[in-house]
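Colleague: Return atomic coordinates for the entry below.
(chains A and B)
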Amino acid sequence: LRKNVEDFTGPRERSDLGFVTFDITADILNGKTSIFDWNVKQLFLYLSAEYSTKNNALNQVVLWDKIMLRGDNPRLFLKDMKSKYFFFDDGNGLKGNRNVTLTLSWNVVPNAGILPLVTGSGHVSVPFPDTYETTKSY
Amino acid sequence: AEVRRVPAMLSLDFLDDVRRMNKRQLYYQVLNFGMIVSSALMIWKGLMVVTGSESPIVVVLSGSMEPAFHRGDLLFLTNRIEDPIRVGEIVVFRIEGREIPIVHRVLKIHEKQNGDIKFLTKGDNNAVDDRGLYKRGQHWLEKKDVVGRARGFVPYIGIVTILMNDYPKFKYAVLFLLGLFVLVHRE
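Modeller: Okay, here's the model as predicted:
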């Protein structure tokens, strides 16, 4: 789903706005043991879309994020989620873009120590259609 | 038999010796103090070089990154140019014209072929992104605004610097005690 609308939070030009609906099934485990060991306070999970356009060689946009505290259920089973943040491109690079990849990553926040960023092993490609949607409601 | 005045003179000489010795010891302790301060400065400069950041250690001042970081937590930063800025990273940046740097997470990046990058940030605990915080007319941050990337952290310890900032009397008390300790300590 994609619409061409005015970007109200950015410069006053028409930019592509993408609408993505997604499901996430994830098991935050590190092999047999949970990633939530004694020194892990929380995980900051985020779903990001990465793609290239004529204007920019690399674009990364966070669509959705979630804080998972130690003690929360480490299994994610989300369906039909809408993106939390507006998926605006810097220009019109989403139309017809076949190579938009969605990846789930997370930032491990320890009680004290190093802050690593980990990328999940699965990723999904989301091709955008060649035309704009003008009437569908989101 | 005459009463010799030697004991009295001796005691005066002794006092002179003590006074002289104390002066020498005082100079020694002052030099010691100077060495400690210089070493501390050298370590700090060394950290700046190794991490590439002008501020390799910063204290979190607000609650906009809770529950990950709270006021008083200490963050360790690096600012190596070779490390590209990517979404999800925690950056410490300064807005032009403002003195106080902000610690937030990168939400969006648009990078050109030649490496020019513009990015948007948001605090984990904030409902909206940081565009409202940027300078008037500024919609993106650039590499030059970045002080460093948070690579590690230690909780609570930075509270001391916040206390020293908010209560100047506390700062003077701490400095006074430190100075006293170094001067008096026999090493």
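Colleague: Going by neighbour count, list what's buried in stretch A:69-88.
Modeller: Neighbour counts over stretch A:69-88 (16 or more other CB atoms under 10 Å in any protein chain shown) mark A:70, A:76, A:83, A:85, A:86, A:87, A:88 as buried. The way it works is simple: take the backbone N, C-alpha and C, and place the C-beta from them, glycine included.
Colleague: ok, the second one to residue A:22 distance?
Modeller: Pointing back at residue A:76 there. Remark: distance between residue A:76 and residue A:22 (CB to CB, to the nearest Å) = 12 Å.
Colleague: chain center to the strand or helix carrying residue B:147, what's the gap?
Modeller: Assessed by DSSP states H and E, residue B:147 sits inside strand B:146-154. Its chain's C-alpha centre and that of strand B:146-154 lie 13 Å apart, by CA atoms, centre = their mean, to the nearest Å.
Colleague: who's in contact with the closest residue in space to residue B:59 that isn't next to it in sequence?
Modeller: Nearest residue to residue B:59 in three dimensions, chain neighbours excluded: residue B:158, at 3.4 Å (CB to CB, 6 or more residues apart in numbering or on different chains). The neighbourhood of residue B:158, defined by CB atoms under 8 Å, 6 or more residues apart in numbering or on different chains, consists of B:59, B:60, B:72, B:73, B:74.
Colleague: Distance-wise, check residue B:158 relative to residue B:176.
Modeller: 21 Å.
Colleague: Residue A:56 now?
Modeller: Distance from residue A:56 to residue B:176, by CB to CB: 55 Å.
Colleague: quick one: which of those two has more around it?
Modeller: Neighbours were counted for residue A:56 and for residue B:176 using other CB atoms under 10 Å in any protein chain shown; residue A:56 has more, 21 against 10.
Colleague: Got phi/psi on residue B:42?
Modeller: phi -70, psi -40 (degrees, to the nearest 10).
Colleague: Below-threshold pLDDT in the chain: ranges please.
Modeller: Reading this off chain A. Applying pLDDT under 70 to chain A picks out residues A:1-13, A:28-35, A:121-122, A:131-138.
Colleague: switch to chain B, that's the one I care about
Modeller: B:1-21, B:182-187.
Colleague: per the record, what domains does it have?
Modeller: B:7-51, B:57-155, B:157-186 (the TED database).
Colleague: and of those, who's closest to residue A:119?
Modeller: domain B:57-155 (8.9 Å; CB to CB).
Colleague: Could you measure from residue A:93 over to residue A:52?
Modeller: For residue A:93, the distance to residue A:52 equals 8 Å [CB to CB].
Colleague: What are the boundaries of the strands in the chain?
Modeller: Using chain A. A:2-6, A:14-18, A:21-27, A:29-30, A:33-34, A:40-51, A:58-69, A:75-82, A:87-88, A:100-110, A:113-114, A:117-126 (DSSP state E).
Colleague: Not quite, go with chain B.
Modeller: So, for chain B - with DSSP E - the strands run B:57-59, B:74-78, B:90-93, B:102-111, B:117-122, B:141-142, B:146-154.
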